[in-house]
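Q: heads up, no residue letters with this:
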């Protein structure tokens with residue numbers, strides 16, 4: 001008898017969400033360190049600084065990066081709290097990107113779309129698709145032939161009539 005296979009619905013969305021959150025956390029960590037070292041990556045092309053206090057934003061980005069990296073690892077290990085924390089982080093990030101929409105319009109729209117995709121992946125990963133079925137259900141497996149009553153008694157062909165297997 002073949003081993004029972006199990007299918008986990010939506011596992012790909014969950015991995016996608018964890019990877020995107022990890023990448024965002026890694027970038028936030030790098031950008032935070034750069035802000036603390038007073039690099040001028042937050043200066044626009046006209047020379048104006050978006051935010052004056054780079055130390056505050058640097059520490060904020062470092063802390064956010066660490067939280068996001070830990071959250072991504074916890075999502076991959078199946079922690080429920082990590083999914084909720086990631087939804088909050090992505091929601092806040094999508095709202096925060098509205099502040100940068102005038103300065104970086106394409107990048108802000110891309111990040112908002114990624115945040116929405118991650119939120120979708122985190123909220124839909126367990127839900128079965130409407131009208132679908134589990135192809136290998138664990139509890140609804142057919143019983144072995146010997147256990148089924150329709151196969152336990154002799155077949156009709158062997159009860160009466162000539163032996164069918166004797167034909168050449």
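A: Perfect, thanks for sending it. Given the structure is predicted, the values throughout are model-derived calculations rather than measurements.
Q: which residues are in contact with residue 90?
A: Residue 90 makes contacts with 21, 115, 116, 118, 119, 122, as judged by Cβ atoms under 8 Å, 6 or more residues apart in numbering. No exception for glycine: its C-beta is placed from N, CA and C like everyone else's.
Q: and what of residue 85?
A: Listed by Cβ under 8 Å, 6+ apart, the contact set of residue 85 reads 67, 71.
Q: A strand includes residue 19, no?
A: No - assignment of residue 19 by DSSP: H, G, I helix; E, B strand; the rest coil gives helix, placing it outside any strand.
Q: verify the stated contact: it with residue 69.
A: No - here residue 19 does not reach residue 69: they are 11.5 Å apart, not a contact under Cβ atoms under 8 Å.
Q: what about the two, which has more around it?
A: residue 69 (18 against 14; other Cβ atoms under 10 Å).
Q: wait, what's in contact with that one?
A: Contacts for residue 69 (Cβ under 8 Å, 6+ apart) come out as 22, 25, 26, 29.
Q: give me phi/psi at it?
A: Dihedral pair for residue 69: phi -70, psi -40, per degrees, to the nearest 10.
Q: about what we covered before: can you flag the buried ones in the contacts of residue 90?
A: By neighbour count, with 16 or more other Cβ atoms under 10 Å, the contacts of residue 90 hold 21, 115, 118, 119, 122 as buried.
Q: identify, from those residues, the entry nearest to residue 103.
A: Nearest to residue 103, judged by Cβ to Cβ, of those is residue 115 at 17.8 Å.
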